[in-house]
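J.: Could you look at this predicted model? Sequence included:
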Amino acid sequence: MQYKIVVARYNENIDWLKSEMNNCIIYNKGNKLNIPNEIMLENVGRESETYLNFIINNYDNLPDIVVFTQANISDHKGSNNVLHLIKLKKEAELNSKSLQLKTHYEGTKEFWWDKDWNIKDPKFLSKNNYKNKKHIMFIDWFKENININYPNPIYIYPNAIFAVKKQLILNKPLEYYQKLILEVNHCINPVEGHFFERSWYYIFDL
């Protein structure tokens, strides 16, 4: 199966991807690397904007499987080991999308995955990094943009590292992704970028 690894980079070292570099697309929002598979992007929207950018611009020519990753995963996975990404790819081959998930039940001690997590954390109370400077609770954003039925438990790809078959991407029209990217391309560090981390599983749901 044909696959691509979509890498959301700022200025991280990507030497750990060397063995898979022919299968990588490096979306770079930092210092230019001058490598053949590098695409420079404006530094807005965190990794969510990068992933949506790839889908929008390759919608009619997607590989069989897409692995989405940040350029540094050591703080999330313990090490920058490319084999972790290959494992995600293999999971998607068998299950349509990778299954390395966080399962969160509403109201448990890890409140930062709750439906209203962003009003419980003072760092996210300012309206400055929200679209149109308008504060919105995560559950309301999810119902408006992802699914009217909010799940409990909710399944999350922590740190937005996952793989998915193209059939699941194509279940939604191009216009759907073109609308979603408007949620995160308004500033460098949109709160909605954190919303997407909690939503990717459902964006590619059946």
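T.: Received it, and whenever you're ready, just let me know what you need.
J.: Mind listing what's buried along the helix-or-strand element of the chain with minimal mean pLDDT?
T.: Least confident helix or strand of the chain, by mean pLDDT, DSSP states H and E, is helix 74-77 with a mean of 79. Within helix 74-77, the residues that count as buried by 16 or more other Cβ atoms under 10 Å are Lys77. All C-beta atoms are positioned from the backbone trio N, CA, C, and that covers glycine.
J.: Mind listing what's buried along the helix or strand just after that helix?
T.: Counting by DSSP states H and E, the next helix or strand C-terminal to helix 74-77 is helix 82-95. By neighbour count with 16+ other Cβ under 10 Å, helix 82-95 contains the buried residues 82, 84-86, 88-89, 91-92.
J.: Now do helix 82-95: which elements does it pack against?
T.: Contact partners of helix 82-95 among helices and strands, from 3 or more Cβ pairs under 8 Å, 6 or more residues apart in numbering; DSSP states H and E: strand 65-70, strand 162-165.
J.: what ranges do the strands span in this protein?
T.: Remark: strands assigned in the chain by DSSP state E are 3-9, 24-28, 38-40, 65-70, 102-104, 154-156, 162-165.
J.: Out of those, which is closest to Phe204?
T.: Distance to Phe204, taken as Cβ to Cβ, is lowest for strand 162-165 among the strands of the chain, at 4.9 Å.
J.: Which secondary structure elements does the closest one sit against?
T.: By 3+ Cβ pairs under 8 Å, 6+ apart, strand 162-165 packs against strand 65-70, helix 82-95.
J.: change it to 10 Å
T.: Packing contacts for strand 162-165, counted by 3 or more Cβ pairs under 10 Å, 6 or more residues apart in numbering; DSSP states H and E, involve strand 3-9, strand 65-70, helix 82-95, helix 200-203.
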